[in-house]
Structures are given as C-alpha cells and as structure tokens.
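Student: Whatever this is, show me its structure:
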Amino acid sequence: MTWCQLPELPIDPPQVPQPGTVPLVWPTGQRGEHLVEHGYTPATARDHLRVPPATAAYAIRAFTPPGGTVVDPDCGAGTVAVEALHCGRHAVGVARGRRWWTLARTNITAAKRQGAVA
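Tutor: Numbering: from 1, shown residues only. As a prediction, this is how the structure comes out:
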C-alpha cells in the first residue's frame, strides 16, 4: 500500500491554505443546523441545486480576498451570497425569476440581520 502525505487541512475556517496549496479534499462536511445557524429561511431547502453553504464558505475564503467581491451568475436561494457576506466579502447574485429573487433576498436580509456584512 502506498501512502502520500496530504496537506494539513485548516481547522479554523479563517486559516486558509496559501495560494497553490489548496488541499484536494476540503473540510466541508454539512451539518443540518448550518442553514439554521446562518439564518436561512426554511424554503432554502427546496433549492436542490444550491451549493452547500460550507462548500461555498470554504471556496470563498480560499479564493477571494477579504473585502473582495463574489459573483454568482445563478444564485438560486442565495447561499453563495449569504456565505460571502458571512466571510466578509461583497456579493453580487443574479436570480432566475421572482421566486428565486425573493428567496435569495430573504436569506441575504437575514444574514445581514445576524451581522454578516462585507
């Protein structure tokens, strides 16, 4: 059996690997309470194409500088925008249709009420 040494995964989310050393496996296990903790409306669970919030948060921390802007061209329920705000980034999202726009706006407003701002 051959073993290879993988880069150490960051334990604390703000500790992101240096550019070029992002691990192949990301520590993004989903916890059921994550949607509740970050103030998502229950209707968010109906967006079956959403990026899991922990995955979005990790990618945002790893590839976007603090204060930077994250663009989501199909934001659905707004999970990427919400996580961007929680990570201290600006967010721009484009929603398809009023249903998704309303849901994304509701989630973004809830995140801002919790203190998430860029």
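
Student: and the longest helix for the protein?
Tutor: Identified as the longest helix of the chain according to DSSP state H is helix 97-113.

Student: What residues of it count as buried?
Tutor: Buried positions in helix 97-113, judged by neighbour count with 16 or more other CB atoms under 10 Å: 100, 103-104, 106-108, 110-111. Heads up, the C-betas are built off the backbone N, CA and C, glycines and all.

Student: which ones are touching the nearest residue to Arg96 once chain neighbours are set aside?
Tutor: For Arg96, ignoring the flanking residues on the chain, the nearest one in space by CB to CB, 6 or more residues apart in numbering is Asp74 at 6.4 Å. Asp74 sits next to 94-96 when contact means CB atoms under 8 Å, 6 or more residues apart in numbering.

Student: Equivalent analysis for Val80, please.
Tutor: 51, 56, 60, 70, 72, 91, 93.

Student: okay, the helix or strand containing it in PDB with CA atoms only?
Tutor: In this assignment (DSSP states H and E), Val80 forms part of helix 79-86. What follows is helix 79-86, C-alpha atoms only, in PDB (Å, rounded to 0.1, in the frame of the first residue of the first chain):
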ATOM      1  CA  THR A  79     -26.400  30.500  -0.400                       C
ATOM      2  CA  VAL A  80     -23.200  31.700  -2.100                       C
ATOM      3  CA  ALA A  81     -24.100  35.400  -1.500                       C
ATOM      4  CA  VAL A  82     -25.000  34.700   2.100                       C
ATOM      5  CA  GLU A  83     -21.800  32.800   2.800                       C
ATOM      6  CA  ALA A  84     -19.800  35.600   1.000                       C
ATOM      7  CA  LEU A  85     -21.300  38.100   3.500                       C
ATOM      8  CA  HIS A  86     -20.500  35.900   6.400                       C
END
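
Student: What's the mean pLDDT across that helix?
Tutor: Averaged over helix 79-86, pLDDT sits at 94.

Student: what does the longest helix of the chain rub up against?
Tutor: Contact with helix 97-113 is made by 38-41, 43-44, 47, 75-79, 81-82, 85-86, 91, 93, 95, as judged by CB under 8 Å, 6+ apart.

Student: How far does it sit from its chain's centre?
Tutor: Distance, stretch centre to chain centre, for helix 97-113: 15 Å (CA atoms, centre = their mean, to the nearest Å).
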